[in-house]
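> Requesting a structural model of the entry that follows:
(one chain, ligands or ions: 1)
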Amino acid sequence: MFLIFQDVLFEIHLDFLNQSGIKKDLGSVNNKLKLFGLKVLHSISSSSSANTLQQKKTRETRFIREIEEMLYIIGLGLGDERDITLRGLEAVKKCQKLYIESYTSLLSFGISKDGISTLEKLYGKPLTVADREMVEEKADDMLLEAREFDVAFLVVGDPFGATTHSDLVVRAKKLEVEVKVIYNASVMNAVGVCGLQLYRYGETVSLPFFTETWRPDSFYEKIQRNRGLGLHTLCLLDIRVKEPSLESLCRGKKQYEPPSFMTIGVAIDQLLEVEQLRGESAYNEDTLCVGFARLGSENQMVVAGSMKQLRTVDFGQPLHCLTIVGKTHPVEEEMLDFYRN
Ligand SMILES: C[S@@+](CC[C@H](N)C(=O)[O-])C[C@H]1O[C@@H](n2cnc3c(N)ncnc32)[C@H](O)[C@@H]1O
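Numbering: from 1, shown residues only. The predicted structure follows:
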């Protein structure tokens, strides 16, 4: 009976901390002092010889988690504002400041003004758009905020579907900022829709936009290696958002190019150009591929066919990606038949 009473007291105490704004008001007070004070409060409310060590430990962990400011890294999924998880939405509601990462992916409505306000309406608070420059150069400012109050960093897809966000976690840990990650669907698993087994994929490659003077082709060896092992290759296609133009950099005053997103057609042209240069038969225009557009949205598109066939298909609005098919299992073949051009 006493234990039940204690549990109720503990819940009320946590609820009080969250609702009363004490956490927020204490934001400016020295963190250690605050922790010490609240820990004392907690130990008074939970001290009893009737508690097992495990119960005390669980309470202690929950308590610290509740009072410690956090950086929440939250996956938004792939489609639109409705794809955030309940857990993600709960965390968003708790946070005093929200950032949305805008350069590794985007939801079906993009990062247009309307898109952002759709999210703001759902969350009931303003969003700050974090471009590459901000995340790479000013991440520490955001992390320092997360030592004072709860901050959410929203990522389209899953937070770890892009390599850059592991770096953010490492930086947070170095600054002793508590991090909690809330997962969601990623393009890395949504491509499973075409029936190619996720277990039979090799290393993923990124295809950057070629320019007159910059035509990097290190993806070629990776595709070659995957295909040598009979594995499928997922090709992620370049996104250029808020990239400074070369001329403006030369002039020393940054001006940004309009956003661009690589289409499947451009990706195939670049792949075939590199094959022609290298001539090592890693693939050719008859190689079977699957093209994907806007996965997770109502009008997603999935088409299977040779490179030659897919480069003539209009996949429509971004985002696009492409799988180069390796050796197939009969069940994979059956599934692919549903999507053949
Ligand atoms: C860095 S990755 C994706 C990161 C994201 N955090 C995730 O987990 O999905 C970005 C690339 O994935 C592909 N991609 C992302 N979302 C997509 C979608 N909904 N449909 C098709 N391709 C998509 C595009 O090629 C895009 O350039």
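
> From C250, how far off is L106?
29 Å (Cβ to Cβ, to the nearest Å). Quick note: C-beta positions are derived from backbone N, CA and C, even for glycine.

> D131 against S102, yeah?
Yes. Counting by Cβ atoms under 8 Å, S102 is a contact partner of D131 at 5.4 Å.

> Between the two, which has more neighbouring residues?
Shown here are D131 and S102; by other Cβ atoms under 10 Å, S102 has more neighbours (23 against 15).

> Please give me every residue in contact with the more buried one.
S102 sits next to I111, V129, A130, D131, V241, K242 when contact means Cβ atoms under 8 Å, 6 or more residues apart in numbering.

> do that again at 10 Å, thanks
Shown in contact with S102 (Cβ atoms under 10 Å, 6 or more residues apart in numbering): 110-111, 116, 129-132, 134-135, 154-156, 239, 241-242, 259.

> Averaged pLDDT, the host helix or strand of Y99. What do you get?
Y99 belongs to strand 97-101 when assigned by DSSP states H and E. If you average the pLDDT over strand 97-101, you get 94.

> And for stretch 297-313?
The model assigns stretch 297-313 a mean pLDDT of 97.

> Same check on stretch 263-277?
98.

> so how far is it from its chain's centroid?
27 Å (Cα atoms, centre = their mean, to the nearest Å).

> Neighbour count for L106 and C250, which is higher?
Just comparing L106 and C250: by other Cβ under 10 Å the higher neighbour count belongs to L106, 23 against 8.

> you'd agree that one is up against V187?
No. At 11.4 Å, L106 does not count as touching V187 under the criterion of Cβ atoms under 10 Å.

> residues shared between the contacts of these two?
Listed contacts common to L106 and V187 are L78, V156, G157, L319; contacts here mean Cβ under 10 Å, 6+ apart.

> Now do the same contact list for the second one.
The reference is to V156. When contacts are counted by Cβ under 10 Å, 6+ apart, V156 touches 75-79, 83, 100-102, 104-108, 111, 162, 184, 186-187, 296, 319.

> Relative to the ligand, how far out is the closest residue to it other than its chain neighbours?
Closest residue to V156 apart from its sequence neighbours, by Cβ to Cβ, 6 or more residues apart in numbering: S105 at 4.0 Å. For S105, the distance to the ligand equals 4 Å [Cβ to the nearest ligand atom, to the nearest Å].

> And F315, by the same measure?
Counting by Cβ to the nearest ligand atom, the gap from F315 to the ligand is 9 Å.

> would you list every one of the strands in the stretch 201-341 of the chain?
Using DSSP state E, counting those that start in this stretch, the strands of the stretch 201-341 of the chain run over 205-207, 233-237, 239-240, 260-261, 288-293, 301-306, 320-324.

> Which of these sits closest to Q55?
If you check each of the strands of the stretch 201-341 of the chain against Q55 by Cβ to Cβ, strand 233-237 wins as the nearest, at 45.7 Å.
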